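J.: 3D model of this:
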Amino acid sequence: MKFTKPPLTIEQQICLLKDRGMAIEDEALAAHYLKHLNYYRLCAYWLPFEQDHANHYFRDGTSFQAVLNPYIFDRELRLLVLDAIERVEISVRTQWAYHFSHQYGPHGYLEHRYFKQDRRGWCHGEQLQRFAQEAAHSKEDFIVHLLRQYEEDLPPLWAAVEIMSLGHLSKWIANLKHGKDRNRIARSYGMDETILVSFLHHLSIVRNLCAHHSRLWNREFTFTFRLPKRTPAPIVPVINWQAKRKLYNTLAMMIWFLDCICPEHHFRQRLTTLIDTHQIDVSAMGFPGGWRELEFWKGTQDE
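T.: Reported below is the predicted structural model:
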């Protein structure tokens, strides 16, 4: 079957939304948003307002402003999450560089013997080759200096990690040969290495979604991380096992990392303020009933 739908003008888009039952009090304002926000992009945010998904008719009382609200919330949520991921990523970089280089030397990461044998999705030689290309094209002054000043083909690990993406970083850590090497990093966050490795992989996906402006608010993740059953102890009772594919568990785990990295952080407060400001139904993100009453979300759980 061929796609035969024609493109609609902004005016036609507004008429279509009104025909389907959406109240638009300020058409000029709606036109302004539709000129800058793809109609198809906004579709994902008004789906929960539809009473007839087949014909896309809206529930009574649905307004353009009501539909726009979760979109604005989602945008602000992505920025908040990106800020938190930055702190987690920089901390994990630091932990790996510190522990690994003290154990195996500044250039130990160049040695195949410290990593798992080549397997699906991982080849130490290929990763090195890819990183060498990134380093060669890097404009960072410290990378240029190290490559010119010293005879080694690549910089020491503590410099190398600074130009690794979170996705690549998670692969390097996941494929360390010895569990003790992964645990040296994981213990900094009071957890087992299996939880750390799984969460880093998941977090790299979340970061990419945020960086590419994809919907985060009510998304169901294809790849989820291994939920903790024993450690870190304070987060175990907070996990929502009935919403494994939702954002809630990701946010809770990020907060735990931030508690370890910078106890004075304000992520909890900023997140709850954002939710309250936009009056968001947090069940769409997997938040359990009574979540506000948990000590973890009050920021007063025992260390």
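
J.: and the residue lying farthest from the centre of the chain, how close does it get to residue 128?
T.: Taking CA atoms, centre = their mean, the residue of the chain most remote from its mean C-alpha position is residue 151, at 37.7 Å. As judged by CB to CB, to the nearest Å, residue 151 and residue 128 stand 17 Å apart. Backbone N, C-alpha and C define where each C-beta goes, glycine included.

J.: how about the residue lying closest to residue 230 once chain neighbours are set aside, phi and psi?
T.: Of all residues not flanking residue 230 in the chain, residue 236 sits nearest, at 6.7 Å (CB to CB, 6 or more residues apart in numbering). When read as degrees, to the nearest 10, the backbone of residue 236 gives phi -60, psi -50.

J.: and residue 236, how many neighbours does it have?
T.: 13 (other CB atoms under 10 Å).

J.: tell me, how many residues neighbour residue 149?
T.: The burial count for residue 149: 9, using other CB under 10 Å.

J.: meant to ask about residue 125
T.: With other CB under 10 Å as criterion, residue 125 counts 10.

J.: same check, this time on residue 45
T.: Residues near residue 45, counting by other CB under 10 Å: 21.

J.: which other helices and strands contact the strand or helix carrying it?
T.: For residue 45, the host element (DSSP states H and E) is helix 39-46. Secondary-structure packing of helix 39-46 (3 or more CB pairs under 8 Å, 6 or more residues apart in numbering; DSSP states H and E): helix 64-104.

J.: mean confidence score for the helix it packs on?
T.: Confidence for helix 64-104, expressed as mean pLDDT, is 98.

J.: could I get the pLDDT score of the nearest residue to residue 81 once chain neighbours are set aside?
T.: Leaving aside its chain neighbours, residue 81 sits nearest to residue 210 (5.6 Å; criterion: CB to CB, 6+ apart). With respect to pLDDT, residue 210 scores 97.

J.: what about residue 210, which SS state?
T.: Counting by DSSP: H, G, I helix; E, B strand; the rest coil, the backbone at residue 210 sits in helix.

J.: from here on, call the first residue 783.
T.: Got it, the first residue is 783 from now on, which makes the last one we talked about residue 992.

J.: pretty sure the residue nearest to residue 1012 sits against residue 1010.
T.: Yes - with contact defined as CB atoms under 8 Å, residue 1018 reaches residue 1010; the gap is 5.7 Å.
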